[in-house]
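Asker: here are the coordinates; sequence isn't available:
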């Protein structure tokens, strides 16, 4: 009976803020990461795994790398002052995130052996600590949310195509009027919010606080800073929380400079000949700036539609510039040759700076710029709705108007 009465008190003591603050002193200073893959890359392709740490600045630091063993396994020894968020880049095919407060083990597919290779998110369970399971659950939510969004987008698109080609509206009518328990984004948000409430006093919570929402979402922005202030107070050693707060404040300030009516940030990137080019020469034209990469499936799928749009409206002053964030120049050059885009192609010489300057974390991201060089609107992803709005702006000859970002389809996250 005594033990039964003492147990709840013991649990309360172990989970108290004072005990959590002392966590740093009791956690292992070194952990082991063990991984395995089912398929290695073909000969001539990298068989390397990179380990990086998220320091809260938005630019993870690569801390180690190893070659995949002949038995298709790999391992790392992490020496650390305190636990944090780490990511495995497995042969440039998979990205797996974990929390480093205990030894972890993960098994993944590795190389994509399918005939048609499209780099989309995959979820892999990382066997680690209780706190690591917070990242497991958030990663699963993100992956399933992305796949569901793409699936719903595709079905809606093909239902509309079927109606336009055949006149049969049964499919599109069902899609429009069917009962939905929750919108996919709302469904994911509710799951995320529950997890954040459960883990709100744990240092791993910083994983969920890396985005503070758009400049228009002041409620989320304030809530994120409050969460960070709480973690900073509870865990003075958690330097990532302090860095993240500074990063979010700076990013929000930059986002305010990207609102409709603001001049598009000046850039200077090399074209396919290595000559530096900017956007100033397009003043007097409508300009669609498309941030993309050769490995991005949604980006490549959108290109034919952008080509149709450009062909239809170039006589009315629409120009397009594609800015790649590829880090492999040969892959970029091959993609350009494959896609045959009839407009200027530029290659960012620092993708992190480009993403910070234009504030995006997923691609394709598109900015519509008016004739005066001012931002009209931003699209994360490309869809018929985005295309319709672009056409309306050009047809009416309007310039930048107060508006919000059009998030029509989730793009590939970085």
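Answerer: Looks like it came in fine. Bear in mind the structure is a predicted one, so any value in this text is a computation, not a measurement.
Asker: check what pLDDT the residue nearest to residue 348 when sequence neighbours are not counted gets.
Answerer: In space, and not counting its chain neighbours, residue 348 is closest to residue 354: 4.2 Å by CB to CB, 6 or more residues apart in numbering. Bear in mind the C-beta positions are built from the backbone N, C-alpha and C, glycine included. Listed pLDDT for residue 354 reads 94.
Asker: helices or strands next to the helix or strand harbouring residue 354 in the packing?
Answerer: Assessed by DSSP states H and E, residue 354 sits inside helix 351-357. Helix 351-357 sits against helix 239-256, with contacts defined as 3 or more CB pairs under 8 Å, 6 or more residues apart in numbering; DSSP states H and E.
Asker: which other residues reach the helix it packs on?
Answerer: 54-58, 82, 84-85, 203, 206, 209-210, 212, 214-215, 221, 224-225, 228-229, 231-232, 235, 356-357, 359 (CB atoms under 8 Å, 6 or more residues apart in numbering).
Asker: same deal with stretch 44-51?
Answerer: Stretch 44-51 is contacted from outside by 33, 35, 40-41, 62-68, 74, 76, 78, 86-92, 111, using CB under 8 Å, 6+ apart.
Asker: hang on, the earlier thing: run through the residues that contact the residue nearest to residue 348.
Answerer: By CB under 8 Å, 6+ apart, the neighbours of residue 354 are 267, 291, 323, 325, 348.
Asker: a markdown table for these, including pLDDT, secondary structure and neighbour count?
Answerer: Listed next are the contacts of residue 354 as a markdown table, based on pLDDT from 0 to 100; DSSP: H, G, I helix; E, B strand; the rest coil; neighbours: other CB atoms under 10 Å:
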| residue | pLDDT | secondary structure | neighbour count |
| --- | --- | --- | --- |
| 267 | 92 | coil | 19 |
| 291 | 96 | strand | 25 |
| 323 | 97 | strand | 24 |
| 325 | 95 | coil | 23 |
| 348 | 95 | coil | 22 |
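Asker: confidence score at residue 402?
Answerer: The model's pLDDT for residue 402 equals 41.
Asker: buried subset of the contacts of stretch 44-51?
Answerer: Buried members of the contacts of stretch 44-51, counted by 16 or more other CB atoms under 10 Å: 33, 35, 41, 68, 74, 76, 78, 86, 88-92, 111.
Asker: still on that earlier bit, in the helix holding residue 354, what counts as buried?
Answerer: Residues of helix 351-357 classed as buried by neighbour count (16+ other CB under 10 Å): 351, 354, 355, 356, 357.
Asker: can I get the residues you listed in a markdown table including distance to residue 28?
Answerer: Below are these laid out as a markdown table (distance: CB to CB, whole Å):
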| residue | distance to residue 28 |
| --- | --- |
| 351 | 34 |
| 354 | 38 |
| 355 | 34 |
| 356 | 34 |
| 357 | 39 |
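Asker: now, which of these sits nearest residue 365?
Answerer: Nearest to residue 365 out of those is residue 355 (CB to CB; 8.8 Å).
Asker: same question for the longest helix along the chain, mean pLDDT?
Answerer: In the chain, assigned by DSSP state H, the helix with the most residues is helix 132-166. Averaging pLDDT along helix 132-166 gives 89.
Asker: what about residue 241, how many residues close to it?
Answerer: 23 (other CB atoms under 10 Å).
Asker: distance check, residue 326 against residue 121.
Answerer: 19 Å (CB to CB, to the nearest Å).
Asker: who has more neighbours out of those two?
Answerer: Taking neighbours as other CB under 10 Å, residue 326 and residue 121 compare with residue 326 leading, 20 against 15.
Asker: pretty sure that one sits against residue 299.
Answerer: No - between residue 326 and residue 299 there is no contact under CB atoms under 8 Å: 10.5 Å.
Asker: helices or strands up against whichever strand in the chain runs longest?
Answerer: Longest strand in the chain, counting residues (DSSP state E): strand 30-39. In terms of contacts (3+ CB pairs under 8 Å, 6+ apart), strand 30-39 is packed against strand 73-79, strand 85-90, strand 104-110.
Asker: can you do 10 Å?
Answerer: strand 48-54, strand 61-67, strand 73-79, strand 85-90, strand 94-99, strand 104-110 (3 or more CB pairs under 10 Å, 6 or more residues apart in numbering; DSSP states H and E).
Asker: how about the contacts made by residue 289?
Answerer: 264, 267, 279, 282, 319-323, 346, 358, 365-369, 375, 378 (CB atoms under 10 Å, 6 or more residues apart in numbering).
Asker: for residue 346, give its distance to residue 192.
Answerer: Where residue 192 is concerned, residue 346 sits at a distance of 35 Å (CB to CB).
Asker: what's in contact with stretch 174-189?
Answerer: 138, 141-142, 144-153, 155-160, 163, 169, 190-191, 407, 410.
Asker: what about that stretch, start to end distance?
Answerer: 25 Å (CA to CA, to the nearest Å).
Asker: that stretch: which residues count as buried?
Answerer: 175, 184, 187, 188.
Asker: what about these, which are in helices?
Answerer: Per DSSP H, the buried residues of stretch 174-189 map to helices at 175, 184, 187, 188.
Asker: with that, I have no additional questions.
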